[in-house]
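[1] Build me a model:
(one chain, ligands or ions: 2)
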Amino acid sequence: MSGHDTPIPMTSSKCGPLSGVAQVPGDKSISHRSLILGAMAVGETRITGLLEGEDVLDTAKAMRAFGAEVSQHGPGEWSVHGVGVGGFAEPENVIDCGNSGTGVRLIVGAMATQPITATFTGDASLNKRPMGRVTDPIALFGAQAHGRDGGKLPMTIVGAAEPVPVTYTVPMPSAQVKSAVLLAGLNAPGKTVVIEKEATRDHTERMLAGFGAELTVEDTNEGRKITLTGQPELTPQDIAVPRDPSSAAFPVCAAVIVPGSEITVPGVSLNPTRNGLYTTLIEMGADIAFENEREEGGEPVADLRVRASETKGVEVPPERAPSMIDEYPILSVVAALSTGTTVMRGVKELRVKECDRIDAMARGLEACGVTIEEDEDTLIVHGMGQGGVPGGATCKSHLDHRIAMSFMCLGMAAQNPVSVDDGAPIATSFPVFEPLMAALGANVTRDS
Ligand SMILES: O=C(O)C1=C[C@@H](OP(=O)(O)O)[C@@H](O)[C@H](O)C1
Ligand SMILES: C=C(OP(=O)(O)O)C(=O)O
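    Ligands and ions are numbered 1, 2, ... in the order given. Okay, here's the model as predicted:
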């Protein structure tokens, strides 16, 4: 799936009120983990609501390459016949994780404590991203990594033949790194301990417990401490993947900024480690109601009812960053259409996503007439009020789905159309973005 050889230029122009029901796809983080943990269980895991985006399909292919049987039975309905912890086969070919940081980092963790060798690659975006953050901890288990200069893909990992358990403090807020260490710890004898100073999304912990691993989580002075007992037999699960709050962010924010809109987004996961955008939007004055709050697939979910709102700038607390890390690009669009200034600090991790998201949003918003300030760890957007953004520019998406979707949402509420040079990456996480937004009343078109 890696690489989008043919760019898809897209344009979004001002539309009337958005209305209707937006059924967004399954959660990407949980979808990757369902396939990987399914592959490490003994027997058949069944999954409904799996995100069929390119990132997750690449993980499905990878799990097949490591010996699991992965089958699709209908839309979103999949099964994984796992090989057990420690049962991965050595892949016969290079593992291509496409555009997906989550895919490659979690799979590297999962295979690092098995006596096999695998080579990983990705697209032009993924091959620029830092992998030292996972190769450092897997080295402590006894694995070796041979990558390009600076720890980049393509990279070969030689798994540890006799892994030892480790205690590791994750140096940056990263659920991918935490998860890689926990997945590596699965096949190490004894207790692996992971400490995170700031809590990040906890799907791996929740799902490991669901699959029957022995795992404890404590809040300590050093941070959140997770202790996993290695070499369990994981029991296959029936998993209903909730809808992705990071994908829901696009129709939700579009409805906030397009005057007169009212939409419903049902069944969205509101896991507290993921819901920072929604807290922030409400602080900005957005009219969002959480209806039918309930639990689905072990995650708190609600139906969101969203009405267009005149929003005001806020200072986003830096400690909220991990719970909304993927939502800063679309938040900066809402900020541009708000009155006053929105200050986003503590966001330097945005610089090592599919692209440098601070730079990509700053340059695109400036081209659309918005005043921006930035430093290494900060993005500040000076809002122009509802309807106040001139637009009228072509923004670069840099192989980044969230940048492309953010500028498409800006075009819906700017005075002039907004284009992106390449909307192809949207298929990595939200393959139905265009028809879903069109059904709500948006004008997003592919340019010929
Ligand atoms: O664990 C995960 O599923 C993810 C963790 C986050 O990355 P980091 O771990 O790099 O913060 C996030 O940006 C990514 O979209 C998904
Ligand atoms: C950062 C993201 O994904 P990944 O790191 O898995 O490529 C994302 O989906 O916004």
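
[2] how close does residue 425 get to ligand 2?
    As judged by CB to the nearest ligand atom, to the nearest Å, residue 425 and ligand 2 stand 10 Å apart. The C-beta positions use only the backbone N, C-alpha and C, and glycine is treated the same way.

[3] Please enumerate the helices of the stretch 251-400 of the chain.
    276-283, 328-336, 357-367 (DSSP state H, counting those that start in this stretch).

[4] Pick the most buried one from these.
    Highest mean neighbour count among the helices of the stretch 251-400 of the chain (mean count of other CB atoms under 10 Å): helix 328-336, with a mean of 28.

[5] for it, packing partners?
    In terms of contacts (3 or more CB pairs under 8 Å, 6 or more residues apart in numbering; DSSP states H and E), helix 328-336 is packed against helix 245-257, helix 276-283, strand 341-345, helix 357-367, strand 378-382, helix 401-413.

[6] on that earlier part again, can you say which of the helices of the stretch 251-400 of the chain is nearest to residue 374?
    Closest approach to residue 374 among these (CB to CB): helix 357-367, 5.1 Å.

[7] that older thread, of all the helices of the stretch 251-400 of the chain, which one comes closest to residue 406?
    Checking these against residue 406 by CB to CB gives helix 328-336 as the closest, at 4.1 Å.

[8] hmm, back to that, output the helices and strands packed on helix 328-336 as TSV; include the columns mean pLDDT and distance to ligand 2.
    Converted to TSV, the helices and strands packed on helix 328-336 look like this (pLDDT from 0 to 100; distance: least, CB to the nearest ligand atom, whole Å):
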stretch	mean pLDDT	distance to ligand 2
helix 245-257	99	6
helix 276-283	98	12
strand 341-345	99	15
helix 357-367	98	8
strand 378-382	99	16
helix 401-413	99	5
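
[9] got a list of what residue 14 touches?
    411-417, 443 (CB atoms under 8 Å, 6 or more residues apart in numbering).

[10] What distance do you get for residue 335 to ligand 1?
    From residue 335 to ligand 1 the distance is 19 Å (CB to the nearest ligand atom).

[11] That residue reaches residue 384, doesn't it?
    No - if you go by CB atoms under 8 Å, residue 335 and residue 384 don't touch, sitting 9.7 Å apart.

[12] Quick check: residues of the stretch 101-250 of the chain near ligand 1?
    The stretch 101-250 of the chain comes close to ligand 1 at residues 101-102, 174-176, 179, 201, as judged by CB under 6 Å from any ligand atom.

[13] Count the residues that sit near the residue in the chain that ligand 2 sits nearest to.
    Proximity of the chain to ligand 2 (CB to the nearest ligand atom) peaks at residue 101, 2.8 Å away. Using other CB atoms under 10 Å, residue 101 has 22 other residues around it.

[14] what's the residue nearest to residue 206 when sequence neighbours are not counted in contact with, if anything?
    Leaving aside its sequence neighbours, residue 206 sits nearest to residue 298 (CB to CB, 6 or more residues apart in numbering; 5.8 Å). Contact analysis of residue 298 by CB under 8 Å, 6+ apart lists 206-207, 210.

[15] sorry, back to before: in CSV, list the helices of the stretch 251-400 of the chain along with distance to residue 254.
    Below are those laid out as CSV (distance: least, CB to CB, whole Å):
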stretch, distance to residue 254
helix 276-283, 12
helix 328-336, 9
helix 357-367, 16
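
[16] For residue 119, which of those helices is the nearest?
    Proximity to residue 119, assessed across these by CB to CB, is greatest for helix 357-367 (28.2 Å).

[17] got the angle between that closest one and helix 328-336?
    30 degrees (axes from the mean of the first three to the mean of the last three CA atoms, to 10 degrees).

[18] What parts of the stretch 1-150 of the chain come near ligand 2?
    Near ligand 2, when you scan the stretch 1-150 of the chain using CB under 6 Å from any ligand atom, you find 28, 100-102.

[19] what would the helices and strands packed on helix 328-336 look like in TSV with distance to residue 36?
    Shown next, in TSV, are those (distance: least, CB to CB, whole Å):
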stretch	distance to residue 36
helix 245-257	19
helix 276-283	25
strand 341-345	31
helix 357-367	25
strand 378-382	32
helix 401-413	21
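
[20] out of the ones you listed, nearest to residue 432?
    Of the helices and strands packed on helix 328-336, nearest to residue 432 by CB to CB is helix 245-257, at 9.3 Å.

[21] by contact count, what packs against the closest one?
    Using 3+ CB pairs under 8 Å, 6+ apart: helix 245-257 touches strand 262-269, helix 276-283, strand 287-296, strand 299-307, helix 328-336, helix 401-413, helix 433-440.

[22] chain center to it, what's the gap?
    15 Å (CA atoms, centre = their mean, to the nearest Å).
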